[in-house]
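Participant: Sequence and predicted structure below; questions after.
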Amino acid sequence: NAGVTQTPKFQVLKTGQSMTLQCAQDMNHNSMYWYRQDPGMGLRLIYYSASEGTTDKGEVPNGYNVSRLNKREFSLRLESAAPSQTSVYFCASSDRAAFFGQGTRLTVV
Amino acid sequence: GQSLEQPSEVTAVEGAIVQINCTYQTSGFYGLSWYQQHDGGAPTFLSYNALDGLEETGRFSSFLSRSDSYGYLLLQELQMKDSASYFCAVRDGSGNTGKLIFGQGTTLQVKP
């Protein structure tokens, strides 16, 4: 009964380092999403994938890349981390309702 | 572009009823949904409306008027544990695979 599994839970990066956030869902959903949430703010869409093999930019895609590896997995990559990317990142999958991973708290110093 | 408007904060007392409104503007529309998020946690799904009218799930109800681009979440018999942020979200585009866009969230504080 895993739902959406997101790793890691916490990460500290130095400016310029790269990392990949992993996300997998076991609900056979077509749509998957990556959001970032800053303190006191809503969820801003970074990228989404309507189906395996397709990805589209959201509201704040700059500095990020994504890969929809298969129907289950949707990863988010920061190629050269910047302090402005310090945030909480959520992966989600959906059919009618969206289900979220537990979040990744990323700090870039 | 797409946008959703909801109040930033609402305060109510335990046992009361509170309504959180949401107005939206999207190029397409495929359902309005509501989510709850406690501090430090992930959003969790509460309710979904694809058609006009009221959907009831226990103490929570959600309403949609597509002609007014408006919906609300109604929380009854408020409990302290209902203190959280509440987000409305719309799917923008066609079908069940468009972007899922969220409002800024409404912080609900329930007082004893």
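Facilitator: Arrived safely.

Participant: low-scoring stretches of the chain, by residue?
Facilitator: Reading this off chain A. Residue ranges of chain A with pLDDT under 70: A:1.

Participant: nope, chain B please
Facilitator: B:1, B:93-97.

Participant: What parts of it come near chain A?
Facilitator: Contact residues (CB under 8 Å from any CB of the partner chain) of chain B with chain A: B:31, B:33, B:35, B:41-45, B:48, B:50, B:87, B:89, B:96-105. Just so you know, the C-beta spots here come from the backbone N, C-alpha and C atoms, and that holds for glycine as well.

Participant: Narrow those residues to those in helices?
Facilitator: Residues of the residues of chain B next to chain A located in helices (DSSP state H): none.

Participant: Quick one: buried ones out of the residues you listed?
Facilitator: Using 16 or more other CB atoms under 10 Å in any protein chain shown as the burial test, the residues of chain B next to chain A include B:31, B:33, B:35, B:42-43, B:45, B:48, B:50, B:87, B:89, B:96-105 as buried.

Participant: Verify the stated contact: residue B:109 with residue B:8.
Facilitator: No - contact status for residue B:109 versus residue B:8: not in contact, 11.6 Å apart, counting by CB atoms under 8 Å.

Participant: neighbour-wise, which of those two wins?
Facilitator: Comparing residue B:109 with residue B:8 by other CB atoms under 10 Å in any protein chain shown, the one with more neighbours is residue B:109, at 13 against 10.

Participant: Tell me who's in contact with that one.
Facilitator: B:9-12, B:83 (CB atoms under 8 Å, 6 or more residues apart in numbering or on different chains).

Participant: Could you do residue B:48 as well?
Facilitator: By CB under 8 Å, 6+ apart, the neighbours of residue B:48 are A:96-97, B:31-34, B:55, B:62.

Participant: Pull up the gap between residue B:12 and residue A:89, please.
Facilitator: Counting by CB to CB, to the nearest Å, the separation of residue B:12 from residue A:89 is 31 Å.

Participant: higher neighbour count, the two?
Facilitator: Legend: neighbour count by other CB under 10 Å for residue B:12 and residue A:89, higher for residue A:89 (22 against 17).

Participant: Can you tell me who that one pairs with across the strands?
Facilitator: Beta-bridge partners of residue A:89, counted by DSSP bridges, are residue A:36, residue A:104.

Participant: so who does it touch?
Facilitator: Contacts here follow CB under 8 Å, 6+ apart; on that basis residue A:89 touches A:6, A:21, A:34-37, A:46, A:76, A:103-104, A:106.

Participant: from these, which single one is nearest chain B?
Facilitator: residue A:103 (5.3 Å; CB to the nearest CB).

Participant: Please look at the closest one and residue A:9 and confirm they touch.
Facilitator: Yes - between residue A:103 and residue A:9 there is a contact under CB under 8 Å: 7.3 Å.
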